[in-house]
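Engineer: from the sequence below, what's the structure:
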Amino acid sequence: MDSGRPTPPSEKTYTDSYQHKHHEFQKHEARKKKPKLTKIDTKAMKSAENKIRFAKQLLEENKLDEAMNFLEKTLKGVIIPAKTTRSKPWFDADCSRERNATLQALPIAKSTKEKSDLERYAASRRKYKAVIKEKKQRS
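Structural biologist: Numbers count the residues shown, from 1 in each chain. You can find the predicted model right below:
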C-alpha cells in the first residue's frame, strides 16, 4: 500500500541500488586512461600480416568474436603507446619529495595552529617553491 509518503532510505528498492552502482561503474570506466596511439611498430606490423590474414579467414567463416579478439590482441602488440605523464618535464623526484613533505605539513599546521607547526609548514612551502623555481630555470 502506498501511503503517499516518501520512501525512507531503509526501503530503497533493488532498482535504486542497481542504478546507483551502474552509474558509479560508468564513471569509473570513463576515468580509465586509454593509451594514445603515437606510432605503429612497422616491423611488428609486417610480422602481424599473417595473423591479420588468419583473422580475415575467421571473418569469412562468420566467427566474429574470435576474429575481433584475435585482431585486438594482434593490434595491441603493434601499437607503441604515448607517454602519459601529466607532469611538466622539469617536475622530477626532488619536486615530488618536497611537494609531499609540504602536503604532509599542511594538515598538521591547520589542525594544531601552533606557531612551530605553522613555521614548519611555511618553511616547507618556501623550500618547495624554491625547488620548483630552480628546476624551471634549468629546463
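Engineer: got the domain ranges for this protein?
Structural biologist: As given by automatic domain parsing, the domain ranges for the chain are 37-81, 93-138.
Engineer: for this structure, longest helix please?
Structural biologist: Counting by DSSP state H, the longest helix found in the chain is helix 115-138.
Engineer: for that helix, name the packing helices and strands.
Structural biologist: The contact analysis (3 or more C-beta pairs under 8 Å, 6 or more residues apart in numbering; DSSP states H and E) places helix 115-138 against helix 93-112. Yep, even glycine has a C-beta here, placed from its N, CA and C like the rest.
Engineer: confirm that residue 80 sits in a helix.
Structural biologist: No: using DSSP: H, G, I helix; E, B strand; the rest coil, the assignment for residue 80 is strand, not a helix.
Engineer: now it: closest residue in space, sequence neighbours ignored.
Structural biologist: Take residue 80 and drop its neighbours on the chain: the residue closest to it by C-beta to C-beta, 6 or more residues apart in numbering is residue 39, 4.3 Å away.
Engineer: point out where this structure drops to low pLDDT.
Structural biologist: Counting by pLDDT under 70, the ranges of the chain that qualify are 1-38, 83-85.
Engineer: relative to residue 61, how far out is the closest residue to residue 91 other than its chain neighbours?
Structural biologist: Nearest non-adjacent residue to residue 91, counting by C-beta to C-beta, 6+ apart: residue 135, 6.9 Å away. Separation of residue 135 from residue 61 (C-beta to C-beta, to the nearest Å) stands at 58 Å.
Engineer: out of those two, which sits in the more crowded spot?
Structural biologist: A direct count of neighbours by other C-beta atoms under 10 Å for residue 135 and residue 61 places residue 135 higher, at 16 against 10.
Engineer: what's the closest of the domains of the chain to residue 87?
Structural biologist: Nearest to residue 87 among those is domain 93-138; the distance by C-beta to C-beta comes to 8.1 Å.
Engineer: end-to-end on the closest one?
Structural biologist: Across domain 93-138, the terminal residues are separated by 15 Å (C-alpha to C-alpha, to the nearest Å).
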